[in-house]
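Engineer: Fold the following and give me the result.
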Amino acid sequence: MDDVIVTTELNFDPVFNRGRGNSPQQVARRVASQPNFRSDGQVDDGQSWAVDLTPDGTGTARLFSGLVDRWLKAHARGAHPACVIIKNGSHARYAAEIHRALGSQVQFIFLVRDPRSVVASKLRTRRPYAPWEVMAWGGSLVAALRWRSYAYNMARARAAGAQVLEVRYEDFIKHPAAVIERIAHFCGCSLRDAALPATWYEVPAAERTIHTRATSEEINAARLSEWTTTLTPRDTRIVEALCGSEMEQWGYVPTTHRRRLTRTLICAAALPQATGLVITHLVRGALGRHRNNRRDSGRPRPEN
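Structural biologist: As a prediction, the model looks like this:
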C-alpha cells in the first residue's frame, strides 16, 4: 500500500491509561523509553516538549500525536505517510478509550486468529525483551483469556462507534491480495503496483528471532494447522473450553462440543497451575524492574 507506514511493536497504553495520575511528561518518558522507539537506540529522557500539555479534552490526543511524530522522525526515512499503522495487540484493551480520545483520527484493524494457533505459538515463543519466559507466561488458560478479552474489547469499541475492520489471519494467508485490498480501502490508501522487498521492513534486533518470517518473501500456509501437532490435548481442551463460543462465531470449529458445566470444570482445574505461573511472572517482573532502576539510577538525566 502507498502512503502507509507500519510501526514495529509499540505500546501506547500509558497514554490512554493514566489512572495513576502521571503527568504528560512522565507518560511521554515511559513510552519513549521502549527499546525500539528510537532507531539509534537513544532515548530523550527529558521529553520536555510534553511539559506544556494540559489535561484538558485534547491533551491526550496531542500527547499521542506528539509521540507518533517523534517515532516517525526516527524511523520514517523522510517519508510523510497519510496513514500510520501501529502494531500492538494490547491496544485492544483500551480501544474504546482510544476511540473516545482520538475520534475519527483512529481506525482499528482487528486481526483474528484461531486461539489454538495463538496459544500454541505463544507457549513456544520467548518474549524478546524478557527472554526468561515465554509469551504465554500464564499458561494456556491465561493466554486463552487474553484472546477472549481482545475480542470483547474490540466489540466494546465498535459499540461505542469506533471504525473496526475485522481480518481473519487464515483469510490473509489464503487470499493475501484480496485482504490487502480490503485493508487499503478501509485506510483510504491506494495499492502500489509491486510490493516492497521484505528486507525494507525494519525489525529490531531483539525481535528478529520471533519475526524471521516477516523478512521472508514467502507465505507459509503450513502454520494454519500447526497447532494440531504442537498444542497438547490438555491445552486444546482449556482453550476450547474458554473460547469455544467465540471460536464458532469466527468459523473455528472446536474438536469437541462440551456442555457449559464441563467447560467450567476444565477451566477451574487449570486455575492452580495458572495462578502459580502468574505469581512467578509478577515476581520476576518486579525483580527485573528493581535491577533496571538500580542500573538507571547511576545515569545522569538531562535537565528540562
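
Engineer: Report the secondary structure element holding Arg192.
Structural biologist: Assigned by DSSP states H and E, Arg192 belongs to no helix or strand.

Engineer: excluding its backbone neighbours, what's nearest Ala157?
Structural biologist: In space, and not counting its chain neighbours, Ala157 is closest to Ala95: 3.5 Å by Cβ to Cβ, 6 or more residues apart in numbering. Where C-beta positions appear, they are placed from N, C-alpha and C, glycine not excepted.

Engineer: Which strand or helix spans that neighbour?
Structural biologist: Here Ala95 is assigned to helix 95-102, by DSSP H and E.

Engineer: Quick one: mean pLDDT over that helix.
Structural biologist: Helix 95-102 comes out with an average pLDDT of 91.

Engineer: Could you pull up the contacting residues of Gly251?
Structural biologist: Gly251 makes contacts with Arg168, as judged by Cβ atoms under 8 Å, 6 or more residues apart in numbering.

Engineer: And the pLDDT for it?
Structural biologist: pLDDT for Gly251: 94.

Engineer: What of Leu265?
Structural biologist: pLDDT recorded at Leu265 is 96.

Engineer: Could you do Phe186 as well?
Structural biologist: Model confidence at Phe186, expressed as pLDDT, equals 93.

Engineer: okay, now it: neighbour count?
Structural biologist: By the criterion of other Cβ atoms under 10 Å, Phe186 has 16 neighbours.

Engineer: name the element it belongs to?
Structural biologist: Following DSSP H and E, one finds Phe186 within helix 176-187.

Engineer: Can you name the next helix or strand after that helix?
Structural biologist: helix 227-230.

Engineer: How far off centre is the helix or strand just after that following helix?
Structural biologist: Moving toward the C-terminus from helix 227-230, the next helix or strand (DSSP H and E) is helix 233-250. The chain centroid and the centroid of helix 233-250 are separated by 21 Å under Cα atoms, centre = their mean, to the nearest Å.

Engineer: Report all helices and strands that helix 233-250 contacts.
Structural biologist: helix 115-124, helix 139-159, helix 260-296 (3 or more Cβ pairs under 8 Å, 6 or more residues apart in numbering; DSSP states H and E).

Engineer: contact partners of the shortest one?
Structural biologist: Helix 115-124 is contacted from outside by 134-136, 139-140, 143-144, 147-148, 169, 223-224, 226-227, 230-231, 235-236, 239-240, 243, 246-247, 252, using Cβ under 8 Å, 6+ apart.
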